[in-house]
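**Q** can't give you the sequence, but here's the structure:
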């Protein structure tokens, strides 16, 4: 079962036939705004000197950003909404070299969640302006976390 | 709405009353086996010299690991199944200092997905033995990705 096909199988690729996923449910908490309107425009990986992008959190979640300005980097989790979910092995460049889905960072995976560590430029209310994203404009946002290494330095003792 | 409460609100903490999440659905692809049977036993953050833990992938996904041995570190995504999901602000140490959920790596968040970069010790079929996990024994597995920095070195050109 695939929710979004998007890509045909390339030679050597393998897929699983599985029932619809239903173990846990996500709530999208906002959208990512990038200059990348199509997958062919997305860089393979974001970089610190990439274009400014906007992390638009739904307004009701804005208080959840309190304290975020203390971090220069944040980790974003987002839903790769155009990705098929059934590929076990993939040939990303279509050159016949096939690898397992879990040894690739391809968006095509059983749970198509992307993660990126981006540079936080500034906060504007419920919006974070960042550099370093590589995903499609309009990608649904799943989570924002401070980056671990900085968190380690700033926090003392055991969390929660 | 909370699926799992687990914790009462502490002074100063705020929660949102939202409808049940239903924007996307996850399929658990395995389980994490750690020595940590209760939340009070979990370290605040995993470390490279922590105990060996097992990433038990469901057998049907095993071919998805092809090529994973080339990486010394992998990123794991997992579902923090005991976490309440409605907290906007939190006081992790209960000391009255309250911060926004998105400026903490607390498991209590709208989409309780944990991410960890762990050291890959070895593969045993559909199981990865790793060091560096800090989560509960039995935590559902959502994704395995090679770590970005190594991926950058090994891959050439644009993915997918």
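**A** Thanks, I have it. Remember, predicted model here, so these are calculated numbers, not experimental data. Residues are numbered from 1 along each chain as shown, chains lettered A, B, ... in the order given.

**Q** If we go by neighbour counts, what in stretch A:90-109 is buried?
**A** Across stretch A:90-109, burial judged by 16 or more other C-beta atoms under 10 Å in any protein chain shown covers A:90-92, A:98-109. Placement of C-beta: from N, CA and C, glycine included.

**Q** Strands of chain A, residue ranges please.
**A** Counting by DSSP state E, chain A has strands at residues A:14-15, A:24-26, A:30-33, A:52-57, A:73-79, A:87-90, A:99-100, A:113-124, A:127-131, A:139-146.

**Q** angle of the last one against strand A:73-79?
**A** Comparing the axes of strand A:139-146 and strand A:73-79 via axes from the mean of the first three to the mean of the last three C-alpha atoms, to 10 degrees yields an angle of 150 degrees.

**Q** Please apply the same query to the fourth one.
**A** Put simply, strand A:52-57 runs at 70 degrees to strand A:73-79, going by the same axes, to 10 degrees.

**Q** Need the residues that contact strand A:52-57.
**A** A:29-35, A:64-65, A:76, A:118, A:121, A:126-133, A:141, A:144, B:102 (C-beta atoms under 8 Å, 6 or more residues apart in numbering or on different chains).

**Q** Could you identify the buried members of those residues?
**A** By 16+ other C-beta under 10 Å, the contacts of strand A:52-57 give A:29-34, A:64-65, A:76, A:118, A:126-133, A:141, A:144, B:102 as buried.

**Q** if we can go back for a sec, just flag the most distant two among the buried residues of stretch A:90-109.
**A** A:98 and A:107 (17.0 Å; C-beta to C-beta).

**Q** how close does the residue nearest to the spatial centre of chain A sit to residue A:142?
**A** Geometric centre of chain A, nearest residue: residue A:114, 2.6 Å, by C-alpha atoms, centre = their mean. From residue A:114 across to residue A:142, the span is 9 Å (C-beta to C-beta, to the nearest Å).

**Q** Now for those two: what residues contact both?
**A** Common neighbours of residue A:114 and residue A:142 (C-beta under 8 Å, 6+ apart) are A:77, A:78, A:79.

**Q** For the residues you listed, pick the one with the most neighbours.
**A** residue A:78 (25 neighbours; other C-beta atoms under 10 Å in any protein chain shown).

**Q** quick one: residue A:121 and residue A:127 touch, right?
**A** No - in this structure, residue A:121 is not within contact of residue A:127 by C-beta atoms under 8 Å, at 10.8 Å.

**Q** How about stretch A:107-122 and chain B, touching?
**A** Yes - on the criterion C-beta under 8 Å from any C-beta of the partner chain, stretch A:107-122 is in touch with chain B at A:107, A:108, A:109, A:110, A:111, A:113, A:115, A:117.

**Q** quick one: which of the residues you listed is nearest to residue A:14?
**A** residue A:108 (12.1 Å).

**Q** Any chance of the backbone angles for that closest one?
**A** phi -90, psi 100 (degrees, to the nearest 10).

**Q** Next: the one 4 residues further on.
**A** Recorded main-chain torsions at residue A:112 are phi -80, psi 70, according to degrees, to the nearest 10.

**Q** I'd like the distance between residue A:104 and residue A:97.
**A** 11 Å.

**Q** Apologies, that question was intended for residue A:126.
**A** Residue A:126 is 43 Å from residue A:97, by C-beta to C-beta.

**Q** swap in residue A:38?
**A** For residue A:38, the distance to residue A:97 - C-beta to C-beta - is 25 Å.

**Q** Could you do residue A:10 as well?
**A** 11 Å.

**Q** overlap in contacts of those two?
**A** residue A:91.

**Q** Does residue A:45 touch residue A:134 like I think?
**A** Yes - counting by C-beta under 8 Å, residue A:45 does reach residue A:134; the two are 5.6 Å apart.

**Q** When the two are compared, which one has more neighbours?
**A** Neighbours were counted for residue A:45 and for residue A:134 using other C-beta under 10 Å; residue A:134 has more, 19 against 16.
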